[in-house]
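Q: How does the following fold in three dimensions:
(chains A, B and C)
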Amino acid sequence: MPTPHIALLVLDLAGTFVFALNGALTAIRAERLDIVGVLVLGMFTAMGGGIVRDVLLGSLPPATFSDWRYLLVAAGGALLAFLFGTRLDHRSFSINVLDAMGLSLFAVTGALKALDRGMSPLPAVLLGTITGVGGGTLRDAIIGRVPSVLSSGLYAIPALVGAAIIVTAHELGVATLPGALVGASVCFAIRLIGIRYDLNAPAPRGAPPG
Amino acid sequence: MPTPHIALLVLDLAGTFVFALNGALTAIRAERLDIVGVLVLGMFTAMGGGIVRDVLLGSLPPATFSDWRYLLVAAGGALLAFLFGTRLDHRSFSINVLDAMGLSLFAVTGALKALDRGMSPLPAVLLGTITGVGGGTLRDAIIGRVPSVLSSGLYAIPALVGAAIIVTAHELGVATLPGALVGASVCFAIRLIGIRYDLNAPAPRGAPPG
Amino acid sequence: MPTPHIALLVLDLAGTFVFALNGALTAIRAERLDIVGVLVLGMFTAMGGGIVRDVLLGSLPPATFSDWRYLLVAAGGALLAFLFGTRLDHRSFSINVLDAMGLSLFAVTGALKALDRGMSPLPAVLLGTITGVGGGTLRDAIIGRVPSVLSSGLYAIPALVGAAIIVTAHELGVATLPGALVGASVCFAIRLIGIRYDLNAPAPRGAPPG
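A: The predicted structure follows:
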């Protein structure tokens, strides 16, 4: 069955690309880093979730390092953001949309990869969620922000729902690609609705007792 | 010899539970996060040390993901803290006590797991210490605090002592459970004495040089 | 061929030693931590890059834990910095020089270890770079600074160049030790020239948008 695997690879590379764009744009906006900083943060955001997933699965070295396509796509996305960042930046919505796309794609491909490596459903859902939120969480940790996964109620939940859909579809014997697309779409929709109607959880308030 | 392993599992789950409570209470107090943030930080604190240990041992996927009891206990502890956090919070001592319990239990079970995987005594002591301090260190790193392990003199030391006791007991052929209980108790006592008599190292002072 | 391996070990231990000194001096200057904090940050800086490399290579447990010489050298370097830190500190240049030495040595030994484990050239260059920048990046992340690798243009680049030189030399069949020394020297020179002539990228400026 080569089709599901090729589809999985395409979705995974698409997630890598949008997260690289997102991480690089974040670097440009939040920290005004130079080209190396933008490339590093873009590639780190793009590949972080997949690397964490592969480490936890014991699938080492991670696909990122044994398959040059991930490196190329991540570097290309980050470079594109560096070159055209100021124009993309005019649409202030774009960072969030790219982040939601990466979240959705990685939640689904991460869960599928976990199933593929023989994990049972519950760990597979969790690993899909971790793959989805991992890149952005590492991005935030490295630039010293409280990660979205902690401060925003509708960040981990859509990833969890998307991963649960594809795992359920897999267990029911549904073909991989339709299940993956439905899972990713539902995750994406929940995430965007959350942003659009400001369903984010309240930001940290009040002095820490310290 | 199933008894030591069952005892080890019970101690490990107990450590998971108290660290989940601790991480979730920290989230409630320090950052006033919503339910997802509290659950994520609680589970991250509870499972972080064990995940780091299993990654370093090459014991992948980590027990956390292949054994649903860890997930369940971590989620349960974090949920409990979310539901009853304000009441627990009245005892401002409780976060530190829970942290000391998790530190003690994980230092011992981490060292035992390292020995079980064929590590020699010195690395086993170090891995036990890392397992003990890992969850709290990741918790602090993700919310942007300088980790206790750096700023507090009596945080890594008790874990090191506890791990050294169980490793020495193991090398001398002492039964696992008594050795584990003594190691954990000594670690817990040193940590609490340090807090009680303010034997913490001085907090960071003075301006960093540029 | 034992010679290249012994040379590799010596270079790797030298990198461990200078990074331990550097991390411990950073702890003393930036945070005024106690002895445990200084030792932990020194050892973490010294061993972090190699541990990340070994995790990504699936070479577990990491050499650090199975070979006590790394532990001993890392602890020795950190202890030395604790004892004589104020004197070393008079030379404000020393932290940067030590960091450049660790960067250079680890970029080269990391790339060689990746080749040794059968990685192809591109991933080997990347893993060398990661080994070089890893320790300092973890050091900065744990004390809450924006890592040098993001904010300084000539930090990742010299490591990349040094790793590329040794990998190219290896592919061309050049003996390991000369290739390693040239790679490390070039990396070291670029890094120091960058510091000397202030070729660092501009520090983050401007208010982050919300």
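
Q: does stretch A:15-34 come close to chain B?
A: No. On the criterion CB under 8 Å from any CB of the partner chain, stretch A:15-34 is out of touch with chain B, staying 14.4 Å away. Using the backbone N, CA and C atoms, a C-beta is placed for each residue, glycine as well.

Q: oh sorry, the question was meant for stretch A:39-58
A: Yes. Contact of stretch A:39-58 with chain B (CB under 8 Å from any CB) involves A:55-58.

Q: Check the contact between A:Arg69 and A:Val10; I expect there is one.
A: No. Using CB atoms under 8 Å, A:Arg69 is not in contact with A:Val10, being 10.3 Å away.

Q: helices and strands of chain A: which one bottoms out on pLDDT?
A: Scoring the helices and strands of chain A by mean pLDDT, DSSP states H and E places helix A:148-151 at the bottom, with a mean of 78.

Q: ok, then the element right after it?
A: Once the chain leaves helix A:148-151, the next helix or strand it forms, by DSSP states H and E, is helix A:153-171.

Q: quick one: that following helix to chain centroid distance?
A: 13 Å (CA atoms, centre = their mean, to the nearest Å).

Q: I'd like to know which elements that helix is packed against.
A: Contacts defined by 3 or more CB pairs under 8 Å, 6 or more residues apart in numbering or on different chains; DSSP states H and E place helix A:153-171 against helix A:94-116, helix A:121-142, helix A:148-151, helix A:176-196, helix B:35-57.

Q: does chain C sit close to the shortest one?
A: I take that to be helix A:148-151. No. Contact of helix A:148-151 with chain C (CB under 8 Å from any CB) is absent, the minimum separation being 13.3 Å.

Q: List the buried residues of that helix.
A: Within helix A:148-151, the residues scored as buried using 16 or more other CB atoms under 10 Å in any protein chain shown are A:148-151.

Q: Can you get me the centre-to-centre distance for it and its chain?
A: Distance of helix A:148-151 from the chain centroid (CA atoms, centre = their mean) equals 14 Å.

Q: what's the answer for the first one, then?
A: Put simply, helix A:94-116 sits 5 Å off its chain's centre (CA atoms, centre = their mean).

Q: how about it, does it reach chain C?
A: No. Helix A:94-116 lies apart from chain C when judged by CB under 8 Å from any CB; the minimum separation is 10.1 Å.

Q: so for that helix, what's the average pLDDT?
A: Taken as a whole, helix A:94-116 has a mean pLDDT of 91.

Q: Also the second one?
A: Averaged across helix A:121-142, pLDDT comes to 91.

Q: How far away from the center of its chain is the longest helix seen in chain A?
A: Criterion DSSP state H: the longest helix present in chain A is helix A:2-26. Offset of helix A:2-26 from its chain centre (CA atoms, centre = their mean): 9 Å.

Q: Please apply the same query to stretch A:112-119.
A: With CA atoms, centre = their mean, you get 18 Å for stretch A:112-119.

Q: then that stretch to CSV, C-alphas only?
A: Extracted in CSV, the C-alpha atoms of stretch A:112-119 (Å, rounded to 0.1, in the frame of the first residue of the first chain):
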residue,chain,number,x,y,z
LEU,A,112,-0.5,7.7,12.2
LYS,A,113,3.3,7.2,12.7
ALA,A,114,2.7,6.1,16.2
LEU,A,115,0.1,3.5,15.1
ASP,A,116,2.5,2.4,12.3
ARG,A,117,5.2,1.7,15.0
GLY,A,118,2.7,-0.5,16.9
MET,A,119,1.6,1.9,19.6
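
Q: Around the spatially closest residue to A:Ile166 that is not a sequence neighbour, how many other residues sit close by?
A: Distances taken as CB to CB, 6 or more residues apart in numbering or on different chains put A:Gly183 closest to A:Ile166, at 3.9 Å, once the chain neighbours are dropped. Per other CB atoms under 10 Å in any protein chain shown, the neighbour tally for A:Gly183 reads 29.

Q: Contact partners for the residue nearest to A:Asp54 when sequence neighbours are not counted?
A: Of all residues not flanking A:Asp54 in the chain, A:Pro62 sits nearest, at 3.7 Å (CB to CB, 6+ apart). A:Pro62 is in contact with A:47, A:50-51, A:54-55, C:56, counting by CB atoms under 8 Å, 6 or more residues apart in numbering or on different chains.

Q: how much space between A:Ile16 and chain C?
A: Ile isn't right for residue A:16; it's Thr. 15 Å (CB to the nearest CB, to the nearest Å).

Q: Tell me where chain A is predicted with low confidence.
A: Across chain A, residues meeting the criterion (pLDDT under 70) sit at A:1-4, A:31-32, A:86-93, A:152-153, A:198-210.

Q: got the residues of it near chain C?
A: A:27, A:29-37, A:40-41, A:51, A:55, A:58, A:60-62, A:65-66, A:68, A:71, A:92, A:141-144.

Q: ok, of those residues, which come out buried?
A: Counted by 16+ other CB under 10 Å, the residues of chain A next to chain C give A:27, A:29-37, A:40-41, A:51, A:55, A:58, A:60-62, A:65, A:71, A:141-143 as buried.

Q: related to what we said a few turns ago, export the residues of stretch A:39-58 next to chain B as a markdown table, with columns for distance to C:Phe84.
A: Listed next are the residues of stretch A:39-58 next to chain B as a markdown table, based on distance: CB to CB, whole Å:
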| residue | distance to C:Phe84 |
| --- | --- |
| A:Val55 | 38 |
| A:Leu56 | 41 |
| A:Leu57 | 45 |
| A:Gly58 | 43 |
